[in-house]
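Peer 1: sequence plus the predicted model coming up.
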Amino acid sequence: MLETRIVSGVRPIGSPQQVAQRFRDLLEAGVRIRAAGTARRDPERLVRRYFPRHELRLFDTTYFLGDLRHDPSYEGKLRFFVAWVLPTRDSCEIYPRVFSKDYSLVWRAPSHFIRSAHENWMGKGEVRSSVEDGYETTYSVEETTNLPYEIQPALDRLSREGGGTPLDRRAVPLLLRQAPDHRIEPYEDFVAPRRRARRSPRKLPHGGRPVAWFTRPADPASLRFAAGFEPDFRRVLDRSRSASGLYGGAIRKFRVLSRNREIQYLFVAGPRHAWIVPPQALTTGITSYGVRSVDVIAAEDLCVPGYEYHFVDHSTRPPSLHSQIPAGFAGAPSALDPARVDASAWTDRLPPVRRFRKLVLGRARKT
């Protein structure tokens, strides 16, 4: 296995003044700024505009962050931090990135972006291909952009601090590389460290094989886990709170270890919904995007969020249904985003969600 470590309780370090001084010390020591967007021509402008106020540390990686910002011109009405990632403490380069929150309520580091008269899309990380009905389809593996679950509670906490959320329409093109229309593949700076980490498949979680799968399509009861990789609800590492208009109020998150202590899960619960975020490794290797260099393979339908895309695409001829919910389980559309519909008819039938509601949420309601 690659090096792993179990940690909990990651919190911001120091006052804004102390964080600012540590950041200045790095730059004065010669650490270079490596921007991926248009700011690569003048990276110093980022220091002037996005000086950090907060600091997180995970393993050997340091994350510097400013306050939360927003840009409604991108998909999801982007709410984001400008982050500075120092991959190792002795690194000679620091990387300004965007950390944004997606519809599954997880903080991510988008890999690139597309913005034109025809497309408006944030890059969702590495891609894979599959063959369905004789056609090969390339799709994004969105969980490859998920930031470590160890720092998610701290990001939720920082997002609630500081009062207002300033409008910022400049950050995305400054910080992220713009791709041409229809390019979903990330660029080499995102892919290369992941490729290196996969050179020895036997070192990956479960040897790079799926840890969870379904033996029958559209049947939640047919879910199976590889031995030891089931979530162990006796080992809740972190609990945190946030809020969501889409989900109707208070949100609770629970980070849960697998029985064999080799991977981790993030369970999310709203007033009516509960779902599983894709399982994540416990490896210590972090890339310049602030994400892990390896991921855990599991069936996509294990990790359907409470609301998911389900709509008729009228741009095709004939119009076609686009759905990310197993057939027969789509519910009512969201009042805030009609393209997303209630998926709880599926998620609530998943055995680990049922156990989560009984063993964790049931206990939480009594305390």
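Peer 2: Arrived safely, thanks for sending.
Peer 1: partner strands of the longest strand along the chain, parallel or antiparallel?
Peer 2: Longest strand in the chain by number of residues (criterion: DSSP state E): strand 231-244. Strand 231-244 sits in its sheet next to strand 249-258 (antiparallel), going by DSSP bridges.
Peer 1: sheet partners, orientation included, of the helix or strand just after the partner strand?
Peer 2: Once the chain leaves strand 249-258, the next helix or strand it forms, by DSSP states H and E, is strand 263-269. Pairing partners of strand 263-269, with direction, according to DSSP bridges: strand 249-258 (antiparallel), strand 274-281 (antiparallel).
Peer 1: just those: most buried one?
Peer 2: Among the strands paired with strand 263-269, strand 274-281 has the highest mean neighbour count (mean count of other Cβ atoms under 10 Å), at a mean of 24. Any C-beta I mention is one placed from the backbone N, CA and C, and that applies to glycine too.
Peer 1: my read: D168 touches H70, true?
Peer 2: Yes. Assessed by Cβ atoms under 8 Å, D168 is found in contact with H70 at 7.1 Å.
Peer 1: pLDDT on the longest strand of the chain, on average?
Peer 2: Mean pLDDT, strand 231-244: 95.
Peer 1: OK, contacts around R79?
Peer 2: Residues in contact with R79 (Cβ atoms under 8 Å, 6 or more residues apart in numbering) are L68, R69, H70, S100, K101, S159, T165.
Peer 1: scan the protein for its longest helix.
Peer 2: Criterion DSSP state H: the longest helix present in the chain is helix 16-28.
Peer 1: just the pLDDT for the spatially most central residue of the chain.
Peer 2: The chain has N146 as the residue nearest its centroid, 2.4 Å off, counting by Cα atoms, centre = their mean. According to the prediction, N146 has pLDDT 98.
Peer 1: quick one: it from R216, how far?
Peer 2: 28 Å (Cβ to Cβ, to the nearest Å).
Peer 1: cool, and P279?
Peer 2: P279 is 21 Å from R216, by Cβ to Cβ.
Peer 1: could you list the domains of the protein?
Peer 2: Domain segmentation of the chain under automatic domain parsing yields 16-197, 206-366.
Peer 1: redo those as CSV? Include distance to R5.
Peer 2: Formatted as CSV, these follow (distance: least, Cβ to Cβ, whole Å):
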stretch, distance to R5
domain 16-197, 6
domain 206-366, 5
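Peer 1: nearest to S8, out of those domains?
Peer 2: S8 lies closest to domain 206-366 among the domains of the chain, at 4.3 Å (Cβ to Cβ).
Peer 1: about what we covered before: which one of the domains of the chain lies closest to T4?
Peer 2: Per Cβ to Cβ, nearest to T4 of these: domain 206-366, 4.2 Å.
Peer 1: gap between the closest one and the chain center?
Peer 2: 12 Å (Cα atoms, centre = their mean, to the nearest Å).
Peer 1: give me the below-cutoff pLDDT ranges for the stretch 1-150 of the chain.
Peer 2: Scanning the stretch 1-150 of the chain with the threshold set as pLDDT under 70 gives 1, 76, 132-133.
Peer 1: which residues in it form helices?
Peer 2: Secondary structure of the stretch 1-150 of the chain (DSSP state H, counting those that start in this stretch): helices at 16-28, 44-49.
Peer 1: and Q152, which of these is closest to it?
Peer 2: Smallest distance to Q152 across the helices of the stretch 1-150 of the chain (Cβ to Cβ): 19.7 Å, for helix 16-28.
Peer 1: keeping just the C-alphas, turn the closest one into PDB.
Peer 2: The C-alpha trace of helix 16-28 is given here as PDB (Å, rounded to 0.1, in the frame of the first residue of the first chain):
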ATOM      1  CA  PRO A  16      -4.900  36.000  10.000                       C
ATOM      2  CA  GLN A  17      -1.800  38.000  11.000                       C
ATOM      3  CA  GLN A  18       0.200  34.900  11.700                       C
ATOM      4  CA  VAL A  19      -1.000  33.200   8.500                       C
ATOM      5  CA  ALA A  20       0.000  36.300   6.500                       C
ATOM      6  CA  GLN A  21       3.500  36.300   8.000                       C
ATOM      7  CA  ARG A  22       4.000  32.600   7.200                       C
ATOM      8  CA  PHE A  23       2.900  33.200   3.600                       C
ATOM      9  CA  ARG A  24       5.200  36.200   3.200                       C
ATOM     10  CA  ASP A  25       8.100  34.200   4.700                       C
ATOM     11  CA  LEU A  26       7.600  31.500   2.000                       C
ATOM     12  CA  LEU A  27       7.700  34.100  -0.800                       C
ATOM     13  CA  GLU A  28      10.700  35.800   0.600                       C
END
